[in-house]
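Novice: Give me coordinates for this.
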Amino acid sequence: MPSGRLVIVPTVFLLWALSTTGLAAAPPEVPDKLKVPEGQTLAFDLRAEGVQIYVCGARKDDATKFEWTLKAPEAELFDASGKKVVRHYGGPTWEADDGSKVVGELKARDDGPDPNAIPWLLLSAKMTSGNGMLAKTASIQRLRTVGGKAPADGCSEAAQVGHEVRIPYQAHYAFYTQKP
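Specialist: Numbers count the residues shown, from 1 in each chain. Take a look at the predicted model:
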């Protein structure tokens, strides 16, 4: 067997191994306003499945009219092998199975390519805790969204105030840390 093949096979295996652990070899392509600050590197790219929870309430600009507003997300995040590794909920907060957490703060949004899906986001880590996989998170991107948008109707009168709806969504969350 030629020696060149010995180098190619381990390299291909390494790339496959990285992709199945939820680690990503390169950051995803995103609009400029959603790019993470210089000095950060992609740590994890996880697939999310869950719901966006909306509640019907009076509009801030006109209390006689009503609209759906986001109450909280509720989702599970999975690595490339399909193992659930993170839970996502209000805050917005991401909590890993190892107990580490990150709370995000919105920095930028982009409508993304699908007009029927929730926007793509860039968030910075407002707070982290624990010693696990999320403890050193600096930025988070929500990308490749499917679904999750508030209903276009069903919240038009005072009798509906307080009513909640749970809209299914999918996304990818890319977690970044500071380069060593």
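Novice: Can you pull out the low-pLDDT segments for the protein?
Specialist: Across the chain, the ranges flagged by pLDDT under 70 are 1-27.
Novice: Any chance you could list what contacts stretch 127-142?
Specialist: Identification of contacts with stretch 127-142 by Cβ atoms under 8 Å, 6 or more residues apart in numbering yields 28, 30, 34, 36-37, 40, 43-44, 85-86, 94-96, 98-104, 107, 118-125, 171-178. (Each C-beta comes from the backbone N, C-alpha and C, glycine too.)
Novice: neighbouring strands for the lengthiest strand in the chain, and are they parallel or not?
Specialist: Identified as the longest strand of the chain according to DSSP state E is strand 40-58. Strand 40-58 pairs in its sheet with strand 66-78 (antiparallel), strand 164-178 (antiparallel), by DSSP bridges.
Novice: Just put these in a markdown table and tack on mean neighbour count.
Specialist: Formatted as a markdown table, those follow (neighbours: other Cβ atoms under 10 Å):
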| stretch | mean neighbour count |
| --- | --- |
| strand 66-78 | 18 |
| strand 164-178 | 18 |
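Novice: So for C155, which of those sits nearest?
Specialist: Closest approach to C155 among the strands paired with strand 40-58 is made by strand 66-78 (5.0 Å; Cβ to Cβ).
Novice: next SSE after that closest one?
Specialist: strand 84-89 (DSSP states H and E).
Novice: got the angle between that following strand and strand 66-78?
Specialist: 160 degrees (axes from the mean of the first three to the mean of the last three Cα atoms, to 10 degrees).
Novice: related to what we said a few turns ago, give me the buried positions along the longest strand of the chain.
Specialist: By 16 or more other Cβ atoms under 10 Å, the buried positions in strand 40-58 come out as 40, 42-48, 50-57.
Novice: repeat for stretch 93-107
Specialist: 93-96, 100-104, 107.
Novice: just those residues now: which is nearest A75?
Specialist: Closest approach between the buried residues of stretch 93-107 and A75, by Cβ to Cβ: W94, at 9.3 Å.
Novice: residues touching the closest one, list them.
Specialist: Contacts of W94 (Cβ under 8 Å, 6+ apart): 77, 86-88, 101-102, 104, 134, 137, 140, 173, 175.
Novice: do F175 as well
Specialist: So F175 contacts 42-46, 94, 102, 134, 137, 139-140 (Cβ under 8 Å, 6+ apart).
Novice: Just send the contacts of W94 back as a markdown table, with distance to V165 too.
Specialist: Shown next, in a markdown table, are those (distance: Cβ to Cβ, whole Å):
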| residue | distance to V165 |
| --- | --- |
| L77 | 22 |
| V86 | 24 |
| R87 | 21 |
| H88 | 18 |
| K101 | 27 |
| V102 | 27 |
| G104 | 23 |
| L134 | 29 |
| T137 | 30 |
| I140 | 25 |
| Y173 | 23 |
| F175 | 28 |
